[in-house]
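Enquirer: next one to model:
(chains A and B)
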2 protein chains.
Amino acid sequence: MRARDLVSDFPTISLDAPAADAARIVADRHLLALIVVDAGGSPVGVLPATAVLRLAVPRYCLDDPALARVVDEAHADAFLRSLSGRTVRDCMPDDPRELPVTDPDATVLEVAALMARTSSPLVAVMDDGRLLGAVLLTRLLGRVLSS
Amino acid sequence: MRARDLVSDFPTISLDAPAADAARIVADRHLLALIVVDAGGSPVGVLPATAVLRLAVPRYCLDDPALARVVDEAHADAFLRSLSGRTVRDCMPDDPRELPVTDPDATVLEVAALMARTSSPLVAVMDDGRLLGAVLLTRLLGRVLSS
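Expert: Numbering: from 1, shown residues only, chains lettered A, B, ... in the order given. So this is what the prediction gives:
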């Protein structure tokens, strides 16, 4: 079994897209990470959904989540408004991390090693500079367990 | 909106359960993390699905995933067999991390802050020592965006 047997379409989002769009895709598609692409469509990173929350939540609440309880419920419910004007680029971690990208010939062991090493639930699959899609951790496990 | 409005049933797994059972639940339920409980049913951690892969993948492949390609395809397909005899406890990270646990009264901002701070896509909800279930990041975003 190779990456080409496991790859499926996967939504991408541009570095310059609104961060709120990333939140919407995560919610609508029930995904926990998105592939971030540059203007040329090449993957530049994987955006964990928790990173979008990190941008939306006020700093003092990140330092001590219990402090969030002093914010009244109506304002708490509206916390995503702080994403207004921010982009996916603003959500990306400062430290450039290893990109979980492979090619269609990668074995399941190679894909699993990439996921484990980068703590990423998906690996992007590139063929000759073109993004084919992604291998998802749940799909990889499902196929390996049923084979 | 409070944690009690967002909580849903969520599978737990015992520290002493076979690691292969965790892989099976992840694959069957399309989850990327499980709540780990002790013998008394109290949450002791969140197990990311990538941590199960980390236990299954040989050390030299973690250090350099490209080395995995020297393993022939049949053996690569069978890499999960190395989970045999290992438990969930063996998958858990050595450094005890902050547990994403809250109570039913937590606001969405408090829950979001916990997810962002712990990089966890779920927060366990405890009521008086009893595990009610979990708030999932995708559900939280969906409800906040539609409210």
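Enquirer: neighbours of residue A:30, just the number please.
Expert: By other Cβ atoms under 10 Å in any protein chain shown, the residues close to residue A:30 number 14. Where C-beta positions appear, they are placed from N, C-alpha and C, glycine not excepted.
Enquirer: so how far is the helix or strand hosting residue A:61 from its chain's centroid?
Expert: Taking DSSP states H and E as the criterion, residue A:61 maps to helix A:59-63. Here helix A:59-63 shows a centroid-to-chain-centroid distance of 22 Å under the convention Cα atoms, centre = their mean, to the nearest Å.
Enquirer: residues in contact with residue A:9?
Expert: Going by Cβ atoms under 8 Å, 6 or more residues apart in numbering or on different chains, residue A:9 touches residue A:133.
Enquirer: meant to ask about residue A:4
Expert: The contact partners of residue A:4, by Cβ under 8 Å, 6+ apart, come to A:104, A:105, A:125, A:132.
Enquirer: now, which of these lie close to chain B?
Expert: Among the contacts of residue A:4, the ones lying near chain B by Cβ under 8 Å from any Cβ of the partner chain are residue A:105.
Enquirer: top of the contacts of residue A:4 by neighbour count?
Expert: Within the contacts of residue A:4, residue A:125 tops the neighbour count with 26 neighbours, counted by other Cβ under 10 Å.
Enquirer: name the helix or strand for it, please.
Expert: strand A:122-127.
Enquirer: can you pull up the most central residue in chain A?
Expert: For chain A, the residue nearest the mean C-alpha position is residue A:33 (2.3 Å; Cα atoms, centre = their mean).
Enquirer: hmm, that one is touching residue A:45, no?
Expert: No. Assessed by Cβ atoms under 8 Å, residue A:33 is found out of contact with residue A:45, at 9.9 Å.
Enquirer: mind listing the strands for chain A?
Expert: Taking DSSP state E as the test, the strands found in chain A are A:12-14, A:33-37, A:43-48, A:101-102, A:122-127, A:130-136.
Enquirer: can you give me the buried ones in the first one?
Expert: This points to strand A:12-14. By neighbour count with 16 or more other Cβ atoms under 10 Å in any protein chain shown, strand A:12-14 contains the buried residues A:12, A:13, A:14.
Enquirer: what's the closest non-adjacent residue to the last one?
Expert: Nearest in space to residue A:14, with sequence neighbours left out and distances taken as Cβ to Cβ, 6 or more residues apart in numbering or on different chains, is residue A:37 at 6.0 Å.
Enquirer: residues contacting the one you found?
Expert: A:12, A:13, A:14, A:15, A:43, A:44, A:131.
Enquirer: what do you get if the cut-off is 10 Å, keeping everything else the same?
Expert: A:12, A:13, A:14, A:15, A:17, A:43, A:44, A:45, A:88, A:124, A:131 (Cβ atoms under 10 Å, 6 or more residues apart in numbering or on different chains).
Enquirer: of those, keep whichever come out buried.
Expert: Burial of the contacts of residue A:37 was assessed by neighbour count (16+ other Cβ under 10 Å); the buried members are A:12, A:13, A:14, A:15, A:17, A:43, A:44, A:45, A:88, A:124, A:131.
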